[in-house]
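Quick one: sequence and predicted model below, then my questions.
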Amino acid sequence: MANVHIGDDVLRNILARLPGKPLLRFRCASKHWNRVISDPYFMKSRSRRMVLFPLLKPLVAIDENVPVKDKTHSMVRIPSPPQHQEGLEISIVGTFNGIVLLALTHKSFSCQLILYNPLTCASNVLVVMDPPSSECKFSYVFGFGHGETMHDLKIVRFELIAPILGFKWDVFDLKTSSWSTPQYMKRGFWFWGDVGVFLNGFLYWVIYEYPCFEILALNVKEMVFSRIKLPNGLEHTWLLLESTGGCLCVITIIDTTRFDMWLMKEECDENSWTKVHSFTFGLKDDCCCKFLPVCILGNTKILLTNCSIQLVIYDTSKGSGIMLNGLETFDHFERISRIFKFINVHKTFYFKDIRSIEYVESLVSPLDICFI
């Protein structure tokens, strides 16, 4: 049989459509194919978006490039990093260039920060932290982002010192692999979750200070904090802080089934909040099966889940949702002992470890992320 030559443009077009695991296998087909696939420009043009879901071990990713109705292929097993041992809770802090930053927290509140590539499964322990020194045992709160340029990656860490004294916060510079001199912040509020949202040079955390919720914003370049009010003194039982379309986004649950989605149209401008969607989903007054938003997929779809770890992708443009496979039906999944951690903040409960994150697949090594 005569050899068949495939031009590079056609080859790239074919390979770009492959999911991650087959793509990695095809690197072994020939040296030429390996060079094509390993080309950073090819991976960038491929731009395959995934949503990492941290509730199970191994981890699960939702492939946004596969139609939601294709339930067999829309969810992908992602091996956990080797550092994710029994008894460690995993939180997703942030992402950059295909690498996700994971926080692995022991029940003693000691913590490791891990850089992990979900495509290649390569990992790097960035920093190991002892438990917070305070007698008030709360886990660290983190944020991951950069200043004016993407070469200036920072990790912001908050530690509760004491109920009266407040928080100690410092910054880890990935270039120098060192922490800054700690600074102190008067407390008066609680963090609503363990990780912040990065957008356009700012890190955002939801905080609660009686009697209302607000957003704590940090200009990463200037290291200056500010406070942002939520729209119309928003009253709610649960909220998700995200970003979509270049805007900060808040999704709230008004009762057990009603969801409102708000966008802040202007950077750090609390007067620019605009309600863009309202919808209902779920069974009214059934708190046990209440669905909660965990991630925004694109500009119109929202990922929801409940205590049974059922996943639903709700399309706000169509006003309907599609149920994905229940994760417990997947073979070889090991349920972690404590999927949800409930925290009572002024008689309000939230799911602590539920946050998912969207990342773009890459072949970047975690060992190189500090030098990009």
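Everything's here; your move.

Show me the strands in the stretch 51-200 of the chain, by range?
59-63, 75-78, 89-96, 99-105, 111-116, 123-129, 141-146, 153-162, 166-173, 178-179, 183-185, 190-191, 197-199 (DSSP state E, counting those that start in this stretch).

With mean pLDDT and mean neighbour count added, can I get those strands in JSON lines?
In this view, the C-beta of every residue, glycine as well, is placed from N, C-alpha and C. Below are the strands of the stretch 51-200 of the chain laid out as JSON lines (pLDDT from 0 to 100; neighbours: other CB atoms under 10 Å):
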{"stretch": "strand 59-63", "mean pLDDT": "83", "mean neighbour count": "22"}
{"stretch": "strand 75-78", "mean pLDDT": "83", "mean neighbour count": "18"}
{"stretch": "strand 89-96", "mean pLDDT": "90", "mean neighbour count": "22"}
{"stretch": "strand 99-105", "mean pLDDT": "93", "mean neighbour count": "24"}
{"stretch": "strand 111-116", "mean pLDDT": "95", "mean neighbour count": "23"}
{"stretch": "strand 123-129", "mean pLDDT": "94", "mean neighbour count": "17"}
{"stretch": "strand 141-146", "mean pLDDT": "94", "mean neighbour count": "24"}
{"stretch": "strand 153-162", "mean pLDDT": "89", "mean neighbour count": "21"}
{"stretch": "strand 166-173", "mean pLDDT": "92", "mean neighbour count": "18"}
{"stretch": "strand 178-179", "mean pLDDT": "94", "mean neighbour count": "12"}
{"stretch": "strand 183-185", "mean pLDDT": "88", "mean neighbour count": "12"}
{"stretch": "strand 190-191", "mean pLDDT": "86", "mean neighbour count": "20"}
{"stretch": "strand 197-199", "mean pLDDT": "95", "mean neighbour count": "22"}
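
With respect to residue 52, which of those strands lies nearest?
strand 59-63 (5.2 Å; CB to CB).

Confirm residue 37 sits in a helix?
Yes - using DSSP: H, G, I helix; E, B strand; the rest coil, the assignment for residue 37 is a helix.

show me the contacts for it.
15, 23, 24, 26, 27, 43, 363 (CB atoms under 8 Å, 6 or more residues apart in numbering).

So for the fourth one, what's the pLDDT?
When you say that, I think you mean residue 26. Looking at residue 26, its pLDDT stands at 88.

For residue 19, see how far away the closest residue to it other than its chain neighbours is.
Closest residue in space to residue 26, ignoring its immediate chain neighbours: residue 33 at 5.8 Å, by CB to CB, 6 or more residues apart in numbering. Distance, residue 33 to residue 19, using CB to CB, to the nearest Å: 16 Å.

Over to residue 190?
From residue 190 to residue 19 the distance is 41 Å (CB to CB).

same question, residue 357
Distance from residue 357 to residue 19, by CB to CB: 19 Å.

same check, this time on residue 160
For residue 160, the distance to residue 19 - CB to CB - is 42 Å.

Can you show me the strands along the stretch 201-350 of the chain?
With DSSP E, counting those that start in this stretch, the ranges of strands along the stretch 201-350 of the chain come out as 202-209, 212-219, 224-229, 238-244, 247-253, 258-264, 273-280, 292-297, 301-305, 311-315, 320-323, 342-345, 348-351.

Columns mean neighbour count on top of those, output as CSV?
Below are the strands of the stretch 201-350 of the chain laid out as CSV (neighbours: other CB atoms under 10 Å):
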stretch, mean neighbour count
strand 202-209, 20
strand 212-219, 20
strand 224-229, 13
strand 238-244, 22
strand 247-253, 22
strand 258-264, 21
strand 273-280, 14
strand 292-297, 22
strand 301-305, 23
strand 311-315, 20
strand 320-323, 15
strand 342-345, 12
strand 348-351, 17
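
Tabulate those (TSV), appending mean pLDDT and distance to residue 133.
Formatted as TSV, the entries for those read as follows, by pLDDT from 0 to 100; distance: least, CB to CB, whole Å:
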stretch	mean pLDDT	distance to residue 133
strand 202-209	91	21
strand 212-219	91	22
strand 224-229	93	22
strand 238-244	85	28
strand 247-253	89	33
strand 258-264	90	36
strand 273-280	90	38
strand 292-297	83	32
strand 301-305	84	35
strand 311-315	85	39
strand 320-323	82	45
strand 342-345	45	21
strand 348-351	44	26
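
Which among the ones you listed is found nearest to residue 7?
Nearest of those (CB to CB): strand 292-297, 34.1 Å.
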